[in-house]
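Novice: Fold the stuff below for me.
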Amino acid sequence: MELKDFAAHVADKFNVHHIEPWSPVFPSTDPKYLEQFRAAVEKARSSIVDIAVDGGYSQYSPDASVRQKAVKATNHWIDVGAALGSPSIRTHIDAAKDSKPDVGRAADTLAHAAEYGAKKNVVVHLENDNPISEDPFFIVQIIEKVNSPWLRGLPDFGNSLAAHDEAFQDRAIEVMFAHAYGICHVKDGEPDEHGRPTHVDMAQTFGVLKKHGFKGYCSIEYDAPGDPYKPTAEMVEETIKFLS
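Specialist: Next up is the predicted model:
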């Protein structure tokens, strides 16, 4: 399937008219392709609500040139988001080979991204994904240090549970939703590093979402082997139930 046809596919299969494409599957980001992509999404009566971006450069690297590349990469995808009418992007905080996570350097780098996002009307989100470089409490420290409405948290229901225990998961979801704004990733489970399944307490997690008054999008993410269509449809139904 071509990426530009994905919105129509999702609308047909799930009656969902918003999508969150992933940066590595973009065949191009040149203006002509982005025009075609946006037109195809609009034809499907849909919209792009976030772009999940894998930048490839560490925002807390001790090497200033690497941090500058991280800024440039994020700014490029902010431009892509603006061209596609997306209100936000999610950028990874990439690990550095020669440094542990550093709040000061990461915040300085991401402050530039937030400033550029403000100019383009595109929010930059940070997700609790990599258990080291994107630890939820590390992310919160960065967001609080930058202190910009254009840099927010993106809570993922399953990532912290797959890497830690339930007590850590509960604390992680609380702090991430306290700093969330535009989007979260809904999962009912995810295999851990040993391939063993984990199971998200959906009622409890949606309870935290409501407690913090979250009004953003819920992006359905099925992350397990096998046919994705039936379990994705079930998660859509379950999400609507919990939000109603």
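Novice: Find the centremost residue of the protein, please.
Specialist: residue 90 (4.3 Å; Cα atoms, centre = their mean).
Novice: and the residue lying closest to that one once chain neighbours are set aside, what does it touch?
Specialist: Spatial nearest neighbour of residue 90, excluding adjacent residues (Cβ to Cβ, 6 or more residues apart in numbering): residue 125 at 4.3 Å. Where you see a C-beta, it was placed from the backbone N, CA and C, and this is true even at glycine. By Cβ atoms under 8 Å, 6 or more residues apart in numbering, the contact set of residue 125 is 50, 88-91, 152-154, 181-183.
Novice: Kindly provide the distance from residue 125 to residue 157.
Specialist: Separation of residue 125 from residue 157 (Cβ to Cβ, to the nearest Å): 15 Å.
Novice: Ok, residue 116 next?
Specialist: Taking Cβ to Cβ, one finds residue 116 at 29 Å from residue 157.
Novice: Which one's more surrounded, those two?
Specialist: residue 157 (27 against 17; other Cβ atoms under 10 Å).
Novice: isn't that one right next to residue 176, touching?
Specialist: No: using Cβ atoms under 8 Å, residue 157 is not in contact with residue 176, being 9.8 Å away.
Novice: Burial check on residue 95, number of neighbours?
Specialist: Quick note: residue 95 (other Cβ under 10 Å) scores 15 neighbours.
Novice: Same check on residue 33?
Specialist: Other residues within reach of residue 33, judged by other Cβ under 10 Å, total 15.
Novice: my read: it touches residue 39, true?
Specialist: No: Residue 33 is not in contact with residue 39 according to Cβ under 8 Å; the separation is 10.6 Å.
Novice: wait, what's in contact with residue 99?
Specialist: 58, 60-62, 105.
Novice: please redo it, this time with the cut-off set to 7 Å
Specialist: 60-62 (Cβ atoms under 7 Å, 6 or more residues apart in numbering).
Novice: okay, the residues you listed in TSV with distance to residue 238 and secondary structure next?
Specialist: Below are these laid out as TSV (distance: Cβ to Cβ, whole Å; DSSP: H, G, I helix; E, B strand; the rest coil):
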residue	distance to residue 238	secondary structure
60	37	coil
61	40	coil
62	44	coil
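Novice: Can you tell me which of these are classed as buried?
Specialist: Among those, those classed as buried by 16 or more other Cβ atoms under 10 Å are 60-61.
Novice: nearest to residue 145, of the contacts of residue 99?
Specialist: If you rank these by distance to residue 145 using Cβ to Cβ, residue 60 comes first, at 12.0 Å.
Novice: before we move on, which element is residue 185 in?
Specialist: Taking DSSP states H and E as the criterion, residue 185 maps to strand 183-186.
Novice: what does that strand rub up against?
Specialist: Against strand 183-186 from outside (Cβ under 7 Å, 6+ apart): 20, 49-50, 88, 125, 154-157, 209, 214, 216-221, 235, 239.
Novice: Go again with 8 Å.
Specialist: Here strand 183-186 has contacts from 20, 49-50, 88, 90, 125, 127, 154-159, 177, 209, 214, 216-221, 235, 239, using Cβ under 8 Å, 6+ apart.
Novice: Among those, which ones are in strands?
Specialist: 88, 90, 125, 127, 154, 217-220 (DSSP state E).
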